[in-house]
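> everything below, folded, please.
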Amino acid sequence: MIYTYKNIDLNLAKLNITGVSGKAVATKSQEYFCQNLTLDLSTSLQPVFSIGSKFVEDYAATDGIKGSLKISYYLTGEDLLRDFFSDDKAEVSGNLAGLTFAKGRVLNYSLDASPNTPIIVSTEIVFFDQLSGQFTPVFKEAPSIDVFNYYNTFVDNLSTGVLGKDINVFRFNYSFSSDITPVYKIESGIGPSIPEDINISRKQASFTFDTDTVTGILPFSGQKAEIKVNLKNFTGLIVDTIRITGNISQKSLGTSVDQIINNKITILQSNVAHKTPLNAAISFTGMVKTN
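Now for the predicted structure:
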């Protein structure tokens, strides 16, 4: 029997370690209605040659299993996956029509908003283990849900001195990415399989928007800027907020015949924590010689 997209159901959950048992417990979950979906599993194999042989049938694993779930979907409100931008300890668990994975991490996330167009999110989740469970086709009608549009956003300019007082934002893109590396330990006789830990190092977010406000100043060290985007439901209630504070890294001015002058600006942010760490005082006095 041939199954189609409507036979696949995707649920993601946020896992946190609670209590003294040390076991991960689902603290939040969300059902996703995707435009498209790709689930990949791969492993690195190296052919094993004997002395004098030209052909082999044996292969040895040189790394563990890497799984990847790529999805794009319409934004319908508060998004579970944005919880992971500043939370390194939590894990993503997924259930795709009965096929499940655990200990996933959000590798990248991109949100696009344009006038008169539904807001679309594209994201990739990586995990380092085999899938469990068995594929079970789903036969049910999708519920009726409100899809967020550019109409549901309000861009709050918190840097009027740099970006101008009256900016009109035509469209914007918010992107997040992180460096994720599995850490393996040596297992006698069988090689690496499941990582002992997953290291999340550098993170970066960027906010690119188009505006009719023309500003040409850009020092080589960038300019500090801050923007907040409020996501409102159809009653006008704010349900989620995206905030980016960083340096302007690029400005691009362009136009064409009978078109408005468009200024594309990109803000980069490397600190994606909820609370910005503060240093009370830092001073550089050079080297001090001691006896």
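
> against Val25, how distant is Ala102?
12 Å (CB to CB, to the nearest Å). Quick note: C-beta positions are derived from backbone N, CA and C, even for glycine.

> shared neighbours, those two?
Residues touching both Ala102 and Val25 (CB atoms under 8 Å, 6 or more residues apart in numbering) are Leu15.

> report the beta-bridge partners for Leu69.
Per DSSP bridges, residues listed as beta-bridge partners of Leu69: Leu39, Ile125.

> that one: how many residues sit nearby?
Per other CB atoms under 10 Å, the neighbour tally for Leu69 reads 21.

> wait, isn't it in contact with Leu96?
Yes. In this structure Leu69 lies within contact range of Leu96 using CB atoms under 8 Å: 7.4 Å.

> shared neighbours, those two?
Shared contacts of Leu69 and Leu96, counting by CB under 8 Å, 6+ apart, come down to Leu37, Leu39.

> whichever strand or helix holds Ile198 pairs with which strands, parallel or anti?
When elements are assigned from DSSP states H and E, Ile198 belongs to strand 197-211. If you go by DSSP bridges, strand 197-211 pairs up with strand 169-183 (antiparallel), strand 262-269 (antiparallel).

> residues of the last one that come out buried?
Of the residues in strand 262-269, those scored as buried under the neighbour-count criterion (16 or more other CB atoms under 10 Å) are Asn262, Asn263, Ile265, Thr266, Ile267, Leu268, Gln269.

> and the fourth one, what is it in contact with?
Spelled out, that is Thr266. Thr266 touches Ser206, Phe207, Thr208, Ile248, Ser249, Gln250, Lys251, counting by CB under 8 Å, 6+ apart.

> next: the third one.
The contact partners of Ile265, taken as CB under 8 Å, 6+ apart, are Leu163, Thr208, Phe209, Thr211, Thr215, Ala225, Ile248, Gln250, Lys251, Ser252.

> now do the fifth one
Residues in contact with Ile267, defined by CB under 8 Å, 6+ apart, are Ser206, Phe207, Thr208, Ala225, Ile227, Ile244, Gly246, Asn247, Ile248, Ser249.

> which ones among those residues are found in strands?
Ser206, Phe207, Thr208, Ala225, Ile227, Ile244, Gly246, Asn247, Ile248, Ser249 (DSSP state E).
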